[in-house]
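S.K.: Only the shape, not the letters, is given here:
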């Protein structure tokens, strides 16, 4: 998003890289009016046309909507302020708005003209309005009230054009553009000038510094310092063509950075950095053609964020960001040297001089003037340069042997390979060259491997690889050299990895034999730290870290964050950071934290690809890196402000659409349906910087407790999160290896589908239960229906049989009875014996009728209740005891009797028992006057009791004995028991039987 | 001498009852008919004191239907139902229609004469189940002709399953008095049924 490039350094100070944030990047306008960072880390930017929030990656806008009263009152933003209670105030031209950041809604307060808001130490929030006076917020009443000072001198408060305010120690300091700086004493309520009037002129901005010092940006009198205790003003005025004066007297803004510098903004003259300790000014102006110089010189507002980055709001160029931590890469432009010249090697010269080996020759550069001092054109590329005060400049060429060059005389001695010449250069393809303390040159070549040259004797000596190479045809190709103390050499070789050469014994040690990781590796670059750690850059295998003392060899590849596995050069800066040139840009590696940061042409590099050996860190700390088209130089930046980064979640994309920003506010919660996939979470880290500045780690607690390394990626995608409750956390680490103190967190609730919710299981269980019950019920009902049908059929049969008995047999027996009685009555029997026969016929017929009647009653399914049984017995008693003196009483008749159904057999047997009992009473109970038949049910057992008040009977008497036996037998058949008691006060038949619970309807 | 008419579809039954009645000195069977229709034709001539009516006469007019018609023609006649079975519901329907008692067909001639005598004396037996139906009838079918307190007492005790003798003992009256009251209860039942029918007919027409 940010534009990136390189511009020349400021003439007088360190180079700052200006990055732009403009309407192209999403700002609502390039005319900036205010900048503010909230407690969450977001940068809020007010413009003349809308409010913006920037999270380092994306800009969100808020505008006034005429039909939405919860939108911001108008688009012209004048001030943004968050108080300690996290109320977020946005002042616009005609009203103050309080924003609810979770909903994006605004509450409007009718306070016009507010330009500045501050909060005093007691927590009162103040708003200063342009010619409208001062207001304070009554939180309890939720309203702004106008403040009237107790006393004012030097003009009324309401007449002042209040532009900025700052509260400190019971006072509010006001920058007014008509009457300079003023002060309100909150204790006494006195408002007026802090010192001598007119010292400051109009003041547009102020900045509290030391306890007694206030810096003022005067609209006409340059930089002012008010020493409040002395009530004294000091001023720094612009002086034309003089160094260390402000760029202009018309200042518009100022801010103090975290290193103690003051940044000064001018109405039309750009930006200054002022060091109050030295009185030194550095000017920053727009550099034509350099997109990374200050883009707009009309500075309206300056802001320093919590990480120390300076943000400058301009009138036409949006926001300019000045980041201490950003490296400014410069192109190495040298007059007389083609910009696209291939650069192969560097070497430090005297003072500010630099030796440079290029495709076309060797050059000595004056670094201040960026001009060539000496040059030597060669037909072949110069791959190594060694200045030698005794002999000249040694140049290793790739194809033309070894040169010894005297720049002052331009005399050159060339050592080329000669066939058959002993103790001479073995080949002309030289790659590397070093000179040891004894004055010997050590040469790495393609064809000769390693050889030495003694300039004093002019003799070369070869140290062939055949001493360790098993294959005599293998390449004798050394690519780089590094001294290891007085007697050792490290050699990077083609396919032999790293070799160690002992000069005293002329012996090689092949490190690949010790660490197989080095086998077949081609080493292009070597660097050894002061601690003895050897770093070896390979051709395609990555970077080796070899600690011989600890017997360890580790390999870093692109998997560990390197941009590429071809490492052409390794250099270390003064802070120990390793700089690597690769086939895919440049990288810095923090040896301790392993933090890798990549640099690409977007950062200002001239090319993606660098050249073997073309990397150097000069004694003054600058790094030069040569590549396929020219070279870059830069000064590594190590900010003195070492702050932990802060991770923030900046966006959620659910199933391809953006989620409400409220979800990822702190404490926010994201609720997703189970099918809302995938979920992408975007995050970044403050301070605002480019991707490579921070690495991230995240975890989704609930799914995976392990932190996952996201490296530089600022987005994580979850393609399917099972239903549940999760907590996403992301943390950031900066290049210094400092992790963020707090994680950015987000609660995620994935709502399960309805069939995975607990109540669904309950409902399902219930439904299954119901279904089961229903099936069971239906089955039982079916069985019962079948049973009922069967019972009904049986009952129909019984009814039909009963009817047949009644209608046919009954009538016939009745006829027999009646006819026989008629014959008897009429004496029509004929012979005397016939009469008795007729009498028996009549008696049998009557008995049969009674039995039939009994049978019909027993069969009749409609007469199956206890009441029916008792009624039957009562009717029977009417016949038995009629015309006697015996009074029969049915005892305990209860409505429930009609609800107790008795099985047919029980009815039959019980009826027979008690009919027999009644006959027995009639026959045997002498003096009987009362007979009682009672029924009672106790605990499911039916008790039927027939009692009389006669004289009792002897159970052993023969006829009675048989009758009783029969009664007991019937009781047993009915499943019950019978007790017979007899005494002088009467006899008692007690039949009891357990009832089937299913037949009792209550 | 009291006159009796027998109505039964079976000639043997008619003949037997005729013989049994005629054999007594107190009663004379003046006619016997196989069905109600025929009986209705002649009853104005016969003018019996008692009609013995079979409950289950086949044909268009059942015994119960016949009771109502006969009772309408001869309000003072005593109609006694004769049945093979103690069919309480049919008996009660007959009683509601105007009958004043019932007998089983295989009754002996002595028992028959005794029963006829009782009826003429104003008494008639009532079983417990019939008594309960009577009570239920009076409870649920207004207009209710008033039963005397004594009749209500007797009816209640019958419902409770007490024999005439037991009731007589409890109320310190004779069994005959009990039977008389039962007879009156039958009449009240008949009146109530008739009133109910009248109300029904009126309402039906209006």
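M.R.: That came through, no problem. Treat the numbers as computed from the prediction; the structure is a model and nothing was measured.
S.K.: quick one: pLDDT of residue A:557?
M.R.: If you check residue A:557, the pLDDT there is 93.
S.K.: sec struct for residue A:937, please.
M.R.: Secondary structure state of residue A:937, per DSSP: H, G, I helix; E, B strand; the rest coil, is strand.
S.K.: Specify the beta-bridge partners of it.
M.R.: residue A:942 (DSSP bridges).
S.K.: ranges for the helices of chain B?
M.R.: With DSSP state H as the criterion, chain B has helices at B:11-22, B:36-46, B:63-73, B:88-97, B:109-120, B:128-140, B:149-159, B:164-171, B:175-205.
S.K.: If you count neighbours, what's buried in the second one?
M.R.: With burial defined by 16 or more other CB atoms under 10 Å in any protein chain shown, the residues of helix B:36-46 counted as buried are B:36, B:39, B:40, B:43, B:46. For every residue, glycine as well, the C-beta is placed using N, CA and C.
S.K.: Please find the angle between the direction vectors of that helix and helix B:63-73.
M.R.: 30 degrees (axes from the mean of the first three to the mean of the last three CA atoms, to 10 degrees).
S.K.: Show me what helix B:36-46 packs onto, helices and strands only.
M.R.: strand B:2-7, strand B:27-33, strand B:50-54, helix B:63-73 (3 or more CB pairs under 8 Å, 6 or more residues apart in numbering or on different chains; DSSP states H and E).
S.K.: Report the separation between the residue positioned nearest the centre of chain B and residue B:76.
M.R.: Most central in chain B under CA atoms, centre = their mean is residue B:100, positioned 2.2 Å from the mean C-alpha point. For residue B:100, the distance to residue B:76 (CB to CB, to the nearest Å) stands at 11 Å.
S.K.: Backbone dihedrals for the closest residue to chain B within the stretch 451-600 of chain A, both of them.
M.R.: Nearest residue of the stretch 451-600 of chain A to chain B (CB to the nearest CB) works out as residue A:559 at 100.0 Å. Backbone torsions of residue A:559, given as degrees, to the nearest 10, read phi -60, psi -30.
S.K.: now residue A:362, what's its secondary structure?
M.R.: Once three-state DSSP is applied, residue A:362 turns out strand.
S.K.: What is the neighbour count of it?
M.R.: 28 (other CB atoms under 10 Å in any protein chain shown).
S.K.: Equivalent analysis for residue A:708, please.
M.R.: Neighbour number of residue A:708 under other CB under 10 Å is 12.
S.K.: who does it bridge with?
M.R.: With DSSP bridges as the rule, residue A:708 is bridged to residue A:698.
S.K.: Am I right that it is in contact with residue A:697?
M.R.: Yes: counting by CB atoms under 8 Å, residue A:708 does reach residue A:697; the two are 6.4 Å apart.
S.K.: Domain-wise, how is chain A divided?
M.R.: What automatic domain parsing lists as the domains of chain A is A:39-287, A:343-467, A:646-756, A:873-1002.
S.K.: and chain B, which of its residues are near chain A?
M.R.: B:10, B:12-13, B:15-17, B:19-20, B:23, B:84-86, B:104-106, B:108-109, B:125, B:127-129, B:159-169 (CB under 8 Å from any CB of the partner chain).
S.K.: what about whatever residue of the stretch 501-650 of chain A ends up closest to chain B, which helix or strand?
M.R.: When scored by CB to the nearest CB, the stretch 501-650 of chain A has residue A:649 as its residue closest to chain B, at 82.8 Å. Using DSSP states H and E, residue A:649 sits in strand A:646-654.
S.K.: Each with direction, which strands does the helix or strand following that strand pair with?
M.R.: Per DSSP H and E, the first helix or strand lying C-terminal to strand A:646-654 is strand A:657-658. Using DSSP bridges, strand A:657-658 pairs in its sheet with strand A:646-654 (antiparallel).
S.K.: so where's chain B uncertain?
M.R.: B:85-86, B:123, B:125, B:127-129, B:135-146, B:191-206 (pLDDT under 70).
S.K.: For chain A, give me its nearest residue in it.
M.R.: Closest point on chain B to chain A, by CB to the nearest CB, is residue B:161, at 2.2 Å.
S.K.: nearest residue to that residue other than its sequence neighbours?
M.R.: Spatial nearest neighbour of residue B:161, excluding adjacent residues (CB to CB, 6 or more residues apart in numbering or on different chains): residue A:890 at 2.2 Å.
S.K.: And for the strand holding residue A:649, what's in contact with it?
M.R.: A:40-42, A:55-58, A:658-659, A:661, A:663-664, A:670, A:672, A:676, A:679-686, A:696, A:728, A:730-732, A:740-744, A:746 (CB atoms under 8 Å, 6 or more residues apart in numbering or on different chains).
S.K.: and it, what's its mean pLDDT?
M.R.: On average, strand A:646-654 scores 83.
S.K.: now swap in stretch A:813-831 and tell me
M.R.: pLDDT averaged over stretch A:813-831 gives 73.
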